[in-house]
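**Q** sequence and computational prediction follow.
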Amino acid sequence: MTTPKAMKAILFTGSPTATYTSPATVASLILASQPLPVPTATQHLIRIHATSITPYELSWPTSAFPHPEPRIPCHDIAGTIISSPPNSPFKPGDRVFTLLPFTGQGGMAEYAAVEEEFIAKIPEGMGWVEAASVPRASLTSWQALSVRGGGYVKRGMRVLVTGATGAVGRMGVQIARELVGNEGKVISVGGVGSGGLQDLGADVVVNYREERNWEEVVRKEGMVNVVYDCLGGETLERCLPLVIDGGVVITIGSPPPGDWETLKGWEEAKQRGVKGDFFILEESGKQLRDIAGLWQSGKIKTSVGLIVDGLTEEDVRDGWTRGLKGGLAGSVVVNVA
Ligand SMILES: NC(=O)c1ccc[n+]([C@@H]2O[C@H](COP(=O)([O-])OP(=O)(O)OC[C@H]3O[C@@H](n4cnc5c(N)ncnc54)[C@H](OP(=O)(O)O)[C@@H]3O)[C@@H](O)[C@H]2O)c1
């Protein structure tokens, strides 16, 4: 198959001084023609059909990780293999999804080049848009609950998930359900879309938009073994008294609690033996295969909050703005082609 020499891509031309409190704007997302990526001897060339927006990427400090310039954002992709190294298990024509490494180019484009270790086959029956919503959201929650700390969440435990209606939190609820089994309990605190959380396996659903004192509702359910906080900041602080002595608080929220000691209530929690864990997710094709297996056995569902039809500057900016505004209960996915 002949491939074109150039491709459409959205470039992120944002400020190098962007921070969580002073992010770049969507005006820094520019549609441009770019040369096709040239795969190295170990890389696969993928034709991208759908990619998922990472709304918070505008606030990532550029110093956080090295990346190529000009920078293509968004690292969740679903697409078709065009070419692969001779010994790769992935062959031209295979339908695959991946979280592209954050140190390389993103996937808001028509093509990407990536190594075998990051790729997994899309399970049969899962569409492009659904598939693009999976990698970042599921890998983060999978690693938080079942990989880190040797697997924090065990059968029979009680787990609290905050930001539970978000792209990541919705996966968190489902993975927590799977790990704690019927004898455990999953308590969720979310916003718009809370009504659907029971279907994803939450035993208790609290909507922060309706319950200002949501932690009182949670407390009535009893203390939890594990908090999985998908928000950070004040929400993280409010979770600390809800975890049992010796329990675990995992947070992925922004900005990261660089220094746990500065959190209100941390000293008391620490004295009770509570462990705090903030992490940045890692890209992994192997874990994505495990997640594909969970989807195939009906244990997790995908969550697409909004579909942007086509890789145009205006539509991507609009979709990005909607993603930042919230209220979508799932990923914003761009249907590339
Ligand atoms: N460390 C890592 O590796 C990593 C990886 C992935 C994501 N993240 C971070 O994780 C966070 C969540 O990501 P996401 O993609 O899931 O975001 P998202 O889709 O925007 O979800 C956020 C969710 O939280 C809900 N929410 C907002 N305020 C709340 C509150 N006070 N109490 C309970 N729920 C509340 C929102 O509901 P409404 O829409 O109704 O407000 C929304 O459903 C972001 O900060 C992101 O940067 C970190």
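**A** Structure received. Numbering: from 1, shown residues only.
**Q** who's in contact with the spatially most central residue of the chain?
**A** The centre of the chain sits closest to residue 137, judged by Cα atoms, centre = their mean, with a distance of 2.7 Å. The contact partners of residue 137, taken as Cβ atoms under 8 Å, 6 or more residues apart in numbering, are 167-168, 170-171, 303, 331. Bear in mind the C-beta positions are built from the backbone N, C-alpha and C, glycine included.
**Q** filter the residues you listed down to the ones close to the ligand.
**A** Taking Cβ under 6 Å from any ligand atom as the test, the ligand is in contact with 167-168 out of the contacts of residue 137.
**Q** hmm, the strand or helix carrying the residue nearest to the centre of the chain touching the ligand?
**A** Residue 137 is part of helix 135-142 when elements are defined by DSSP states H and E. Yes. Applying Cβ under 6 Å from any ligand atom, one finds helix 135-142 in contact with the ligand at 136, 140.
**Q** tell me the buried residues in that helix?
**A** Of the residues in helix 135-142, 135-142 count as buried by neighbour count, 16 or more other Cβ atoms under 10 Å.
**Q** isn't residue 304 up against residue 330?
**A** Yes. With contact defined as Cβ atoms under 8 Å, residue 304 counts as touching residue 330 (5.0 Å).
**Q** what residues are shared contacts of these two?
**A** Residues touching both residue 304 and residue 330 (Cβ under 8 Å, 6+ apart) are residue 133.
**Q** of the contacts of residue 137, which belong to helices?
**A** Among these, the ones falling in helices (DSSP state H) are 167-168, 170-171.
**Q** possible to save those as TSV with neighbour count and pLDDT?
**A** Below are the ones in helices among the contacts of residue 137 laid out as TSV (neighbours: other Cβ atoms under 10 Å; pLDDT from 0 to 100):
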residue	neighbour count	pLDDT
167	32	97
168	24	98
170	33	98
171	32	98
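**Q** looking at those residues, which is nearest residue 66?
**A** Nearest to residue 66 out of the ones in helices among the contacts of residue 137 is residue 168 (Cβ to Cβ; 24.4 Å).
**Q** which ones are touching the closest one?
**A** Counted by Cβ under 8 Å, 6+ apart, residue 168 has contacts 136-137, 140-141, 230, 252.
**Q** for the residues you listed, give me JSON lines that also has pLDDT.
**A** Listed next are those as JSON lines, based on pLDDT from 0 to 100:
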{"residue": "136", "pLDDT": "98"}
{"residue": "137", "pLDDT": "98"}
{"residue": "140", "pLDDT": "98"}
{"residue": "141", "pLDDT": "98"}
{"residue": "230", "pLDDT": "97"}
{"residue": "252", "pLDDT": "96"}
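**Q** just to revisit the earlier point, how far off centre is the helix holding residue 137?
**A** Centre-to-centre, helix 135-142 and its host chain are 5 Å apart (Cα atoms, centre = their mean, to the nearest Å).
**Q** can I get the CA coordinates of it in PDB?
**A** Only the C-alpha atoms of helix 135-142 are listed here, as PDB (Å, rounded to 0.1, in the frame of the first residue of the first chain):
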ATOM      1  CA  PRO A 135      -6.000   3.300  26.900                       C
ATOM      2  CA  ARG A 136      -5.300   6.400  29.200                       C
ATOM      3  CA  ALA A 137      -8.500   6.000  31.300                       C
ATOM      4  CA  SER A 138      -8.200   2.200  31.800                       C
ATOM      5  CA  LEU A 139      -4.400   2.000  32.200                       C
ATOM      6  CA  THR A 140      -4.400   4.700  34.900                       C
ATOM      7  CA  SER A 141      -7.100   2.900  36.900                       C
ATOM      8  CA  TRP A 142      -5.700  -0.500  36.300                       C
END
